[in-house]
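Undergrad: Build me a model from this:
(2 chains)
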Protein chains: 2
Amino acid sequence: MGYENLLWLGGVGALMALIFAFIQSRKVMKFSEGTPAMVKVAAAIRKGANAFLKRQYRTVVIFYIIMAAILTVIALLGFVSPFMPFAFVTGGIYSGLAGFIGMKIATSANSRTANAASESLNKGLKVAFSSGAVMGFTVVGLGLLDISVWLMLLRYVFNRDAGEIARTMVMFGMGASALALFARVGGGIFTKAADVGADLVGKVEAGIPEDDARNPAVIADNVGDNVGDVAGMGADLYESYVGSILASFAIGSAAGYGWAGMVLPLLLAVVGVISSIIGTLFIRTGEKASQKELLRTLRTGTYVAAAIAAVAAAPLTVIVMDGNWGIYISIIIGLLAGCLIGYFTEYFTSETYKPTKELAQASETGPATVIIGGVSLGMKSTLAPVLIVGISVIISFLASGGILTTGSPDYAHLFSKGLYGIGISAVGMLSTLAITLATDAYGPVADNAGGIAQMSGLGPEVRERTDALDSLGNTTAATGKGFAIGSAALTALALLVSYVDIAQDKVAHKLDLSVTNPAVLSGVFFGVMLVFVFSALSMYAVQRAAQNIVVEVRRQFREITGLMEGTGEPDYERCVDLCAKGALREMVTPSLLAVIVPVVTGLVLGVEGVVGLLVGVMASGFAVAVYMANAGGAWDNAKKYIESGEHGGKGSENHKAAVIGDTVGDPFKDTAGPSLNILIKLVSTVSIVFVGLIAAYSVF
Amino acid sequence: MGYENLLWLGGVGALMALIFAFIQSRKVMKFSEGTPAMVKVAAAIRKGANAFLKRQYRTVVIFYIIMAAILTVIALLGFVSPFMPFAFVTGGIYSGLAGFIGMKIATSANSRTANAASESLNKGLKVAFSSGAVMGFTVVGLGLLDISVWLMLLRYVFNRDAGEIARTMVMFGMGASALALFARVGGGIFTKAADVGADLVGKVEAGIPEDDARNPAVIADNVGDNVGDVAGMGADLYESYVGSILASFAIGSAAGYGWAGMVLPLLLAVVGVISSIIGTLFIRTGEKASQKELLRTLRTGTYVAAAIAAVAAAPLTVIVMDGNWGIYISIIIGLLAGCLIGYFTEYFTSETYKPTKELAQASETGPATVIIGGVSLGMKSTLAPVLIVGISVIISFLASGGILTTGSPDYAHLFSKGLYGIGISAVGMLSTLAITLATDAYGPVADNAGGIAQMSGLGPEVRERTDALDSLGNTTAATGKGFAIGSAALTALALLVSYVDIAQDKVAHKLDLSVTNPAVLSGVFFGVMLVFVFSALSMYAVQRAAQNIVVEVRRQFREITGLMEGTGEPDYERCVDLCAKGALREMVTPSLLAVIVPVVTGLVLGVEGVVGLLVGVMASGFAVAVYMANAGGAWDNAKKYIESGEHGGKGSENHKAAVIGDTVGDPFKDTAGPSLNILIKLVSTVSIVFVGLIAAYSVF
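TA: Purely as a prediction, here's the structure:
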């Protein structure tokens, strides 16, 4: 077949994506930053974001050095491939770079969006979306580049065969996972500590509006959007993207697909890049565009990309897979599932639908019912995404040739073919990531643009336009979160499957993975508990960090004369600094937990215990992440709905109740929830890397 | 050995328990109901509680008739034993009766407790505790009676052998489970709708104190304590008790223990009854007893009972099990786990420890941080219980002869011996249920007594004493909840194991229960989701029902002249009626969900899917139940802590923030959380009953 000679295609896809990202970034930079006041605010935000990322990466480097040393020792003992320490570091660097570039462009695009919006809505949208596109295509491009470089090295320099490459490279995800977790947790704590701190003292105590320049925490709040929502999100999805491809390599090899099993995901990725580029061409709007039309144009772009990818995948799959239409069905299922999860997320969190409207209604009986209502809404909203993922898993398994009847003599073989369907379905879902992520990363830019417009005193018509862009950003952020969670769950599933394959190779006995095995069963219990404790720790972290901001902002209001009158200058930097310190201190424990728990579980309960743990983390992490993201999103939008004049409008008791809901929702949707996406993938990659060690030294 | 001739021992245990319950109830009834005002209030509460239970049971009867008809059809088709329809109905009747008797005595003891407390603290404690003991011993007595009667019938009238009896009787739990769910969900909705409604309008809007006679919802609130906390709790634990014994019958039979495997749990139950009776003799207090001493005396009673049971179990186990000390270890592990979970629950929810103190501290920055803090606290508190249960499972499995190395030729046989250890460990934990439940059921009686004292204007020194009793009741209620959840998880585990045994008998193919099987995996996902959706529905239900009460109470305040001045009479009955209607309407959907989901999952995904579902429900239901119970308990006690004068005390802004936390916590800890206990058992029993049908007709 000669498929082994098509591996360079991934590199071509990577270059296309990176070049397109570069073109988009040139487009953004051509616009003007606006008035001197805007330039000043933007510079402050940029400085804060850069400073935090630098400090964060400096902390993370220590972790990478230690881990690389540990991996080197393990590699010398023969428990992992000698490439592992290097791959771990490159994964971290690429993932960090993806986040860094995304944040870089976002902090350049925010004031430019505000300025462009002062000319026209369409221009504002263009700048913000282009900035998002830089991020989306950079993430995809770097991911494909990392994979391609290693693929080439292993194939042509080290002369490994397909099976070896697949089994080796699936471990490479851990470097990216670990960085993603630090980025998500650290950034999430930063952004919400600043947000909660700014709101509690500024909005509630001092009674000044959001994004008011007199609020000492306002710059920190805007910095937070960039380090949390942009850099964190970038690292997260980089990791899902790379993880799903690498996992499908490994599963494909176990199913006996050889090189073809590796070329297919690469081809899908390349097709996804091209479709995404075409999709972006469909995003434009007229000057008089309503909120709905804005949303429709973004939607059109994503759907066009998905449709093109779906059509193009058909001949490719059928050729590479020797006429196996079942695998094609799996790909379509993945693409479809991504779109469906996005739709249901929107249903539960947008104020245009019933659930959020009812939540706003609950404000009539005070904050307690708002909280109860939001918690119920979030829990109920797990129904659709879980059903979608569950059904997708079964359909893609069966379609790709898997059978569920143990009696057949061919059971094991067909089973592994079915599992490849699950892996490829995850790749399908993520194939058009470049454009999905672009619409998502657009949100924080628009949000920042609104903040800059407010702080530098632009006219009300500009505020109105940036508000329109921002509100749209909330919706795309919510659907983006849904997509991130769904793809993380599917990627984690693929990783779990490849873990089991690899583990069976390493242990002497036949694995008993049946759920009645107490090791598996206890593992599931521990996995669920890890999700709960991890979420608790990250929320505590926000609370503790926010507490410091509250104290500092109160101090500044008290001590700086003329602050409220606008004659005194607040000390923005101190708040940024406090947020950074808090985030860096608080991100360590939960992150380490994610690395240590799977190893300890393995050493005590063996491979079977780890498999249980992974299933527990995955299933409950998925549900809790959806619950938290949607509850948070709905609280946010219920508040916005009331601010639009419903149920008494701004300043009413109902509004106050809704603000409390929104504040509770902040760490739900922007810290704990999204961090779980990475947790469920990281525990899998950590387990895969340490499987040799665990097989050798576990107690049971 | 002749162990088949010892089955009558269960009947003796049942009689002892019931006689002791009767003696205790005589003791309670000897006390006077107090002043005419007290008699009147107590009568109103009793009437409301009776009326609700009657209506609730009437609704439930419809369900039982339909289910019995379905079961009859299935039995005629040969898919379940012909005894099943009858057993289903008797299970429901006994479970309902346990709840009814408990509630009956509680509504007689409340005013008597208040009156006795006006004489002395010691007398108050005695009455309230005796009432709790009636409930505890009735539950245990009826449970043992139901089991013994069926055991005798099947053995001596129908001449079945041990294996047949074990496999048949494990299905009998479903009748009790289903009633327990209705009781918990219905009662939970009633009590919290009344509570939230009374608080929101009375305390927050009208500014009158708790339990004020002018509040139209105050009687409904007190009725709620009885129908939710007493009747619901009774049915719940009846079900765990019976379920754990029946499951260990089935597992013991599969492990080849024959009659001995059935006699052991019966003997343990009898020993537990005797130990509990002795334990109650240790509960007494001096007149000047502090809060701490009151708690200590209750603790002493439970610990003495557990110690006696532990000692007595040693010779019995070793004799019945032919010198197998491993099984004895499993029993001790169960007893120990119960005590430990209770301890950690107290640590996280009592204001004498750091977590709740910190939560109260969070009120300084407003309600949002109180909510975030409580949610984090609840999630973090899952750590200890999950670890305890997970470790108990592994230890009791290994101690009882189970091995985890698949290589051994004896693997399957030893595996099932290990599983018996898990089952017997659950029986061990629940063996002293009579006294554990007594200290728990004491709580609502003391709570009611406080309400009656307030409403009938007793002196401040009486209020002080009933407050002391009530506050103690909060602590025992929290530890009781922890125990209920832990035992439910262990019982569900035992049921799961016996389900797998039975299912393997019914299906033609060898079950592949490994977690990588997509049917199992999707089942796990669906199970987690069921827990979330179920919780959401029950909380929504509270919110909707409470909304109606709010409207009604507001109406009465507006329309009844002289109500606030104390000259007009509120219409208590209308509120009771509204609560009842709301609860009955809202309890149906979540309850049906619990019955339908396992059947539908089975028909689509087969036995493997059901096993996945059970694991998902169990693991996540356990964690969510602990999270909700502890978050709710901590919010409640943080509020009480502030009311005791900390952080600004009653009426301060901090207090208001804490009240919001408490209101959110109400449906968490008293509706959704405890309902999950039953959900995790009911899905197992439903699956067991329908396994034949599913094996015959499932799609995969």
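Undergrad: For the rest of this, base every contact and every neighbour count on C-alpha atoms.
TA: Noted.
Undergrad: Am I right that A:D501 is in contact with A:A254?
TA: Yes - counting by CA atoms under 8 Å, A:D501 touches A:A254, with 7.1 Å between them.
Undergrad: Looking at those two, which one has more neighbours?
TA: Taking other CA atoms under 10 Å in any protein chain shown, A:D501 and A:A254 do not tie; A:A254 has more neighbours (22 against 19).
Undergrad: Next up, the contacts around that one.
TA: For A:A254, the contact set (CA atoms under 8 Å, 6 or more residues apart in numbering or on different chains) comprises A:163, A:416, A:501.
Undergrad: So which elements touch the helix or strand where A:F397 lies?
TA: Per DSSP states H and E: A:F397 is located in helix A:383-399. Counting contacts by 3 or more CA pairs under 8 Å, 6 or more residues apart in numbering or on different chains; DSSP states H and E, helix A:383-399 packs against helix A:325-349, helix A:411-431, helix A:460-506, helix A:588-643, helix B:518-559.
Undergrad: Let me have the ones you listed in TSV, adding distance to B:S396 as columns.
TA: Putting these into TSV (distance: least, CA to CA, whole Å) gives the following:
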stretch	distance to B:S396
helix A:325-349	42
helix A:411-431	33
helix A:460-506	27
helix A:588-643	15
helix B:518-559	24
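Undergrad: Relative to B:G92, which of the ones you listed is closest?
TA: Closest approach to B:G92 among the helices and strands packed on helix A:383-399 is made by helix B:518-559 (21.7 Å; CA to CA).
Undergrad: Could you tell me the average pLDDT over the following helix or strand past the closest one, please?
TA: Later in the chain than helix B:518-559, the nearest helix or strand by DSSP H and E is helix B:572-586. Across helix B:572-586, the average pLDDT comes to 89.
Undergrad: can you tell me if helix B:572-586 touches chain A.
TA: No - if you take CA under 8 Å from any CA of the partner chain as the test, helix B:572-586 misses chain A, and the best it gets is 14.5 Å.
Undergrad: and the stretch 301-450 of chain A, which residues reach chain B?
TA: Residues of the stretch 301-450 of chain A lying close to chain B by CA under 8 Å from any CA are A:365, A:367-369, A:371-373, A:375-383, A:386-387, A:390-391, A:393-394, A:397, A:404-407.
Undergrad: One more: the stretch 51-200 of chain A?
TA: Residues of the stretch 51-200 of chain A lying close to chain B by CA under 8 Å from any CA are A:L200.
Undergrad: per-residue confidence at A:M1?
TA: Listed pLDDT for A:M1 reads 53.
Undergrad: Enumerate every residue touching whichever residue of the stretch 51-200 of chain A sits closest to chain B.
TA: Going by CA to the nearest CA, chain B is nearest to A:L200 of the stretch 51-200 of chain A, at 7.6 Å. Taking CA under 8 Å, 6+ apart, we find A:L200 in contact with A:550, B:365.
Undergrad: Please repeat the previous calculation with a cut-off of 10 Å.
TA: Counting by CA atoms under 10 Å, 6 or more residues apart in numbering or on different chains, A:L200 makes contact with A:194, A:206-207, A:546-547, A:549-550, A:553-554, A:659-660, A:663, B:365-366, B:368-369.
Undergrad: which one among those residues gets closest to A:N324?
TA: For those, the residue nearest A:N324 by CA to CA is A:T663; the value is 50.7 Å.
Undergrad: Can you tell me the closest non-neighbouring residue to A:I435?
TA: Spatially, and ignoring its direct neighbours in sequence, A:I435 is nearest to A:S276 (5.2 Å; CA to CA, 6 or more residues apart in numbering or on different chains).
Undergrad: Thanks again, I'm all set now.
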